[in-house]
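Colleague: predicted structure and sequence below. I'll ask about it afterward.
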Amino acid sequence: MDTVSILIVDDDDAIRFLMNEFVEMVGYKAFMASSGEEALEVLKENVVDVVLTDIMMPGIDGLELTGKIKKIYDVEVIVMTGYSGDYSYENAVDKGASDFVFKPVRFEELLLRIKRVLKERRLRKELQKLAITDGLTKLYNSRHFYHQSEMEIERCKRHKHPLSLLIMDIDFFKSYNDTYGHLAGDKVLSRIGWIIRSCLRKSDSAYRYGGEEFIALLPETGIDDAIPVARRIREAVEHEAFYPEHDEEVHITISIGVTEFGMREKLKSFIKRSDDALFCAKQNGRNRINCIMPQIDIDQSDSE
Ligand code: GH3
Ligand code: MG
Ligand code: MG
């Protein structure tokens, strides 16, 4: 597991250095900042898991800092305060803090609180991952596809970079299931998920779109570069041998529809076009790739 990083924010030098020593002694990586402003600079440059911040500081105080951090970063914040009673637990939690400790801080207590916050963070991340993952193939699920594709479309429009979409559907899969059973079919789905992922770049993403349908989203990729990727997937699937009954080698094929995003369209028509391309691939005999380019709107491109 990666080393946990903790950022200590306190305008009191003595406390800051003492906390730093303690955090490093228990094996965490420590960063220090003497003000809220400095803390934001540290966060810009470094990956931090937990921020431990004093509340009373000149300039940006600990609560304001917590609010700012939680708006931008996926970081836990524990706020530290004196017994003066100026700030309540509710104030801190309202800003997004995960916990609240009183000064002078007892290190044993602080360590327990850090550990609990880290555990909750880990669990939350696991849950977030589960919510967007398809259990069988371990690819992203369709819900995540809709979320990611809207984001990619926004990015694509903003930077005027190409974006391509592959829709893949296993050929005659019903008959495979009928012949070898649903469990054998599940093994194929999971293996094909793995093959698709292995044919993609890091910046691409793969999804199980439906029962035996998959999608790959290829940012920064025009149709000319998307087609070879589709070809690689189609060939890799075709060459993969399955042994649903041990002695018999069976091969599966996949049909793929490919398209590129047209700058002015909506997600729905982008998907529809790749679906149409897939339909043509099926019609033309399966185990093939078909692509349909978006229509270019001459009037609108002229006006640009
Ligand atoms: P085509 O080449 O036209 O795509 O034919 P097909 O048989 O693949 O298409 P059809 O849509 O008729 O059948 C899809 C099959 O996919 C039906 C279903 O048994 C199977 N399927 C869908 N989801 C799962 C799943 O989670 N596990 C298994 N084992 N099979 C599934
Ligand atoms: Mg299908
Ligand atoms: Mg099918």
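Modeller: Structure's in. What do you need? Ligands and ions are numbered 1, 2, ... in the order given.

Colleague: for burial, what's the neighbour tally of the residue lying closest to residue 105 once chain neighbours are set aside?
Modeller: Nearest non-adjacent residue to residue 105, counting by CB to CB, 6 or more residues apart in numbering: residue 80, 5.9 Å away. (C-beta placed from N, C-alpha, C; glycine too.) Per other CB atoms under 10 Å, the neighbour tally for residue 80 reads 24.

Colleague: give me the beta-bridge partners of residue 80?
Modeller: residue 54, residue 101 (DSSP bridges).

Colleague: touching, residue 120 and residue 98? I think so.
Modeller: Yes - under the criterion of CB atoms under 8 Å, residue 120 makes contact with residue 98 at 7.1 Å.

Colleague: out of those two, which sits in the busier spot?
Modeller: residue 98 (22 against 13).

Colleague: contact partners for that one?
Modeller: 50, 76, 77, 78, 117, 120, 121 (CB atoms under 8 Å, 6 or more residues apart in numbering).

Colleague: circling back to that earlier point, contacting residues around the residue nearest to residue 105?
Modeller: Going by CB under 8 Å, 6+ apart, residue 80 touches 10, 52, 53, 54, 55, 62, 101, 102, 103, 105.

Colleague: and the third one, what pLDDT?
Modeller: Which is residue 53. Residue 53 carries a pLDDT value of 96.

Colleague: go on, the last one?
Modeller: As summarised for this prediction, residue 105 has a pLDDT of 87.

Colleague: now the helix or strand harbouring residue 149: how far from the chain's centre is it?
Modeller: Using DSSP states H and E, residue 149 sits in helix 142-159. When C-alpha coordinates are averaged (CA atoms, centre = their mean, to the nearest Å), helix 142-159 and its chain have centres 12 Å apart.

Colleague: over to stretch 204-217?
Modeller: 15 Å.

Colleague: you'd agree residue 281 is up against residue 275?
Modeller: No - using CB under 8 Å, residue 281 is not in contact with residue 275, being 10.6 Å away.

Colleague: which residues do the two both contact?
Modeller: Between them, residue 281 and residue 275 share the contacting residues residue 257, judged by CB under 8 Å, 6+ apart.

Colleague: the more surrounded of these two?
Modeller: Shown here are residue 281 and residue 275; by other CB under 10 Å, residue 281 has more neighbours (26 against 18).

Colleague: quick check: phi and psi at the more buried one.
Modeller: phi -60, psi -40 (degrees, to the nearest 10).

Colleague: likewise for the one 5 residues further on?
Modeller: Backbone torsions of residue 286, given as degrees, to the nearest 10, read phi 70, psi 180.

Colleague: what pLDDT does residue 81 get?
Modeller: 85.

Colleague: how far away is the closest residue to it other than its chain neighbours from ligand 1?
Modeller: Using CB to CB, 6+ apart and skipping the chain neighbours, the partner closest in space to residue 81 is residue 55 (4.4 Å). Going from residue 55 to ligand 1 by CB to the nearest ligand atom, to the nearest Å gives 52 Å.

Colleague: neighbours of residue 55, how many?
Modeller: 24.

Colleague: do you know how far it is from ligand 3?
Modeller: Computed with CB to the ion, to the nearest Å, the distance linking residue 55 and ligand 3 is 59 Å.

Colleague: who's in contact with that residue?
Modeller: Here residue 55 is in contact with 61, 62, 63, 79, 80, 81, 86, 87, 92 (CB under 8 Å, 6+ apart).

Colleague: so the third one touches residue 79, yeah?
Modeller: Right, the one you point to is residue 63. Yes - checked against CB under 8 Å, the pair residue 63 and residue 79 is within contact range at 7.1 Å.

Colleague: which residues does the closest residue to residue 13 other than its chain neighbours contact?
Modeller: In space, and not counting its chain neighbours, residue 13 is closest to residue 34: 7.2 Å by CB to CB, 6+ apart. Neighbour list for residue 34: 9, 10, 11, 13, 16 [criterion: CB under 8 Å, 6+ apart].

Colleague: can you lay out the residues you listed as TSV showing secondary structure?
Modeller: Shown next, in TSV, are the contacts of residue 34 (DSSP: H, G, I helix; E, B strand; the rest coil):
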residue	secondary structure
9	strand
10	coil
11	coil
13	helix
16	helix
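
Colleague: from these, which is closest to residue 70?
Modeller: residue 9 (14.1 Å; CB to CB).

Colleague: so who does the closest one touch?
Modeller: Residues near residue 9 by CB under 8 Å, 6+ apart: 16, 32-36, 38-39, 51-54, 57, 62, 65.
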